[in-house]
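Trainee: any chance you could fold what I've pasted below:
(2 chains)
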Number of protein chains: 2
Amino acid sequence: MEPRVILALDFGGTKHTAGVLEVRALWNYSPSAQPGEEITPGVTGELWTAVRREFAPPGSSAQTDLRLMFDMASDLLAGSRPAAIGVSFGGPVDSQQGVVRLSHHVPGWENIPLASLLWEEFGAPARVDNDANAAALGEYRFGAGRGCSSLLYITVSTGVGSGWILDGEPWRGHGGMAGESGHTVVDPSGPLCLCGKHGCVERFASGPYMAADARELLARHPEQGALLRALAGGDLEKIDARMLSQAAEQGDELAWSVLERGARALGTGIGNAANLVNPQRFILGGGVTKSGPRWWETVRAAARSTALPEVEVDIVPARLGDHAPLWGAVALAQDLVTQGSQTERRI
Amino acid sequence: MEPRVILALDFGGTKHTAGVLEVRALWNYSPSAQPGEEITPGVTGELWTAVRREFAPPGSSAQTDLRLMFDMASDLLAGSRPAAIGVSFGGPVDSQQGVVRLSHHVPGWENIPLASLLWEEFGAPARVDNDANAAALGEYRFGAGRGCSSLLYITVSTGVGSGWILDGEPWRGHGGMAGESGHTVVDPSGPLCLCGKHGCVERFASGPYMAADARELLARHPEQGALLRALAGGDLEKIDARMLSQAAEQGDELAWSVLERGARALGTGIGNAANLVNPQRFILGGGVTKSGPRWWETVRAAARSTALPEVEVDIVPARLGDHAPLWGAVALAQDLVTQGSQTERRI
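Mentor: As a prediction, the model looks like this:
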């Protein structure tokens, strides 16, 4: 008998990933990485039969994205029909209907019935969710959330977004909008966010906003930030979150002040979420979380001092890196395959 | 055959309530009050067989509270054995074990196995929850949350507390601490809260804090707040939230400024919760919510401007008044009675 395979897809805005693995490989899967180590499932082996990742060419549309993904998937499947398909999409999704609402980056994605299109193309049922929910599900089932019953996964990157797992299931909210932790307000007298509010978590803590804040400080204080200026080679537009943490690590006080403010805002938001929902764990992923131990200490301290003493706040780094949404897609497909068979369902 | 009855108990700190009703009365119960009208289930009739409420005498302890409640319940039951007992307790509770953790008002409640004691006394299974969760459940099943699948119930009174219903079930959090909306921070440069943080929702929006803020403003601005001073008859210690709203209604700007600040903070907290969890409805109860239409408008406007445009924010008044926890106790008992019988479970 041909092995039953799962097809996992991650539509990532600028890069798309497709992966194929055997259903039975999931049965007793336990990641070989040590606790705390990051799992790198992008490489073939261990669990995956094959994984491919490609950048979307400039000028992409929904149509070109779909073609690219379908071609990758067909290559990987090599003629076999998948048992189920899981999809992470980088934008708002109606996960119940399997319909993409829109993409903030690529035109033409308005109301695309992705699950139906996948059924037509591959003859298999598909489940679709947005990338934050998928990443939360991936970390829950394969990464830093294994063994937890509830968690909030937060990605701190170009934006700040998040996904909930409550009682072992994704919590998407009444209108599918849950997890907008980046747009919770932590300081109404803070700077203006693109969303129109002042002092959102994202306004303080995301990479591009921190870079902008650093540029503004450098312009206002010509005598400060020498290290950061040197790293940028004089071109302040080059500054990003990684450069900030490099400069801060080397002792640049201006760079650290920006990172610290972001970490504090994020920690306050986490503490508020802890008081409000009291999940078992917070899992932080995304580029900004690579900002070093001082950044982590500041996030944890702010969260701890915001949460009530009786409220536990366990904050850990994500383990699945950039591939968390793809792992979430695996989990979505896994649920389709094992529906009705509770023994297989939770690996 | 003797009718099967439910015993519902509300340990309220200063007042205790016991109610008895027939299980079958719940089957097709639909409140007769019009939408928006407050339901007053304290009166016998319609649904309840009997309800009694008594104030705890000064110097109460867990022992005297229990004695008082047991006596009331025995009177109401008149010798019949209840099918199940539901309990709302005004303090932290381990609802899984049916054990009270402590009371912030009454000594001796530390680790009292309330469900076991009730079993011994009345020979019936009991389910215990804290008052915020019980009130949320009560409003969900009998009040302003009927027909919703998710909601946050917030009581704005001497404190600000809340309870979640998510996917039709109470969400208590990993450590049973979910719903501490009063201690989410909405302005870190705000005044100090007793919890040790600055700018908690409760610090701005609760009755006693608003009264204290008004007193401070009156002391600082002897030329302002004439109406409020007159209402207090010169004794500023008499000021409470109700007096503030009376004065504000009559045009006292100082009184309104305090109420407005509280309403804004509460609305910001609600908007943050909407972004984070996206429940279908927010239900507000407690004395402060009687502060008139301007207070409600301010809460709604602040919540609306804090939530992202795509996030719906439906904020409605509670319908069960002070009795919401007692109704929640009914729902807890109802679940015990109808466990395994899904058709009866949701009335």
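Trainee: what about the residue in chain A sticking out farthest from the centre, which SS state?
Mentor: Most distant residue from the mean C-alpha position of chain A: A:Glu223, 37.5 Å away (CA atoms, centre = their mean). The local conformation at A:Glu223, judged by DSSP: H, G, I helix; E, B strand; the rest coil, is coil.
Trainee: quick check: it vs chain B, distance?
Mentor: A:Glu223 sits 28 Å away from chain B, going by CB to the nearest CB, to the nearest Å. C-beta: built from backbone N, CA, C; applies to glycine.
Trainee: show me which residues of the stretch 101-250 of chain A sit near chain B.
Mentor: Proximity of the stretch 101-250 of chain A to chain B (CB under 8 Å from any CB of the partner chain) is limited to residues A:149-150, A:164, A:166-167, A:171-181, A:183-189, A:195-197.
Trainee: now, of those, which are buried?
Mentor: The neighbour count (16 or more other CB atoms under 10 Å in any protein chain shown) marks A:150, A:164, A:166, A:171-174, A:176-181, A:183-188, A:195, A:197 as buried among these.
Trainee: which strands and helices sit next to the helix or strand harbouring A:Ala132?
Mentor: Taking DSSP states H and E as the definition, A:Ala132 sits inside helix A:131-142. On a contact count with 3 or more CB pairs under 8 Å, 6 or more residues apart in numbering or on different chains; DSSP states H and E, helix A:131-142 meets strand A:84-89, strand A:151-156, strand A:160-166, strand A:169-171, strand A:281-285, helix A:324-337.
Trainee: residues in contact with the third one: which ones?
Mentor: By CB atoms under 8 Å, 6 or more residues apart in numbering or on different chains, the residues outside strand A:160-166 that reach it are A:130-137, A:140, A:145, A:148-155, A:170-172, A:178-182, A:201-202, A:205-206, A:266, A:277, A:279, B:166, B:171, B:277.
Trainee: now, of these, which are buried?
Mentor: By neighbour count, with 16+ other CB under 10 Å, the contacts of strand A:160-166 hold A:130-137, A:140, A:145, A:148, A:150-155, A:170-172, A:178-182, A:201-202, A:205-206, A:266, A:277, A:279, B:166, B:171, B:277 as buried.
Trainee: does A:Gly175 count as helix, strand or coil?
Mentor: Classification of A:Gly175 by three-state DSSP places it in coil.
Trainee: thought it was touching B:Glu310?
Mentor: Yes. A:Gly175 lies in contact with B:Glu310 (CB atoms under 8 Å); the separation is 7.2 Å.
Trainee: name the residues contacting each of these two.
Mentor: Residues touching both A:Gly175 and B:Glu310 by CB under 8 Å, 6+ apart: none at all.
Trainee: picking that back up, of all the helices and strands packed on helix A:131-142, which one comes closest to B:Leu254?
Mentor: Distance to B:Leu254, taken as CB to CB, is lowest for strand A:160-166 among these, at 38.8 Å.
Trainee: give the pairing partners of the closest one; include direction for each.
Mentor: The strands that strand A:160-166 pairs with in its sheet are strand A:151-156 (antiparallel), strand A:169-171 (antiparallel) (by DSSP bridges).
Trainee: so who does the closest residue to A:Glu180 other than its chain neighbours touch?
Mentor: The shortest distance from A:Glu180 to any non-neighbouring residue, by CB to CB, 6 or more residues apart in numbering or on different chains, is to B:Asn275 (4.0 Å). For B:Asn275, the contact set (CB under 8 Å, 6+ apart) comprises A:177, A:180-181, A:183-184, B:306-308, B:311.
Trainee: sec struct for A:Arg294, please.
Mentor: Judged by three-state DSSP, the three-state class of A:Arg294 is helix.
Trainee: now it: how far from A:Pro208?
Mentor: According to CB to CB, to the nearest Å, A:Arg294 stands 21 Å off from A:Pro208.
Trainee: could you give the mean pLDDT of the helix or strand containing the residue nearest to A:Glu180?
Mentor: Using DSSP H and E, B:Asn275 maps to helix B:253-277. For helix B:253-277, mean pLDDT rounds to 98.
Trainee: surely A:Trp119 forms part of a helix?
Mentor: Yes. Looking at A:Trp119 with three-state DSSP, it is inside a helix.
Trainee: neighbours of it, how many?
Mentor: By the criterion of other CB atoms under 10 Å in any protein chain shown, A:Trp119 has 15 neighbours.
Trainee: my read is that it contacts A:Pro125, right?
Mentor: Yes. The pair A:Trp119 and A:Pro125 passes the contact test of CB under 8 Å, sitting 6.7 Å apart.
Trainee: follow-up on the earlier one: rebuild the helices and strands packed on helix A:131-142 as a markdown table, extending it with mean pLDDT.
Mentor: Shown next, in a markdown table, are these (pLDDT from 0 to 100):
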| stretch | mean pLDDT |
| --- | --- |
| strand A:84-89 | 97 |
| strand A:151-156 | 97 |
| strand A:160-166 | 97 |
| strand A:169-171 | 95 |
| strand A:281-285 | 97 |
| helix A:324-337 | 94 |
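Trainee: quick one: contacts for the closest residue to chain B within the stretch 1-150 of chain A?
Mentor: The stretch 1-150 of chain A approaches chain B most closely through A:Ser150 (5.5 Å), counting by CB to the nearest CB. For A:Ser150, the contact set (CB under 8 Å, 6+ apart) comprises A:164-168, A:277, A:279-281, B:173-174.
Trainee: now A:Tyr140
Mentor: Counted by CB under 8 Å, 6+ apart, A:Tyr140 has contacts A:146, A:148, A:151, A:153, A:165, A:168, A:331.
Trainee: then A:Gly271?
Mentor: Shown in contact with A:Gly271 (CB under 8 Å, 6+ apart): A:302-307, A:313, B:185.
Trainee: number of nearby residues for the closest residue to it other than its chain neighbours?
Mentor: The shortest distance from A:Gly271 to any non-neighbouring residue, by CB to CB, 6+ apart, is to A:Thr306 (2.4 Å). Neighbourhood size, A:Thr306 [other CB under 10 Å]: 27.
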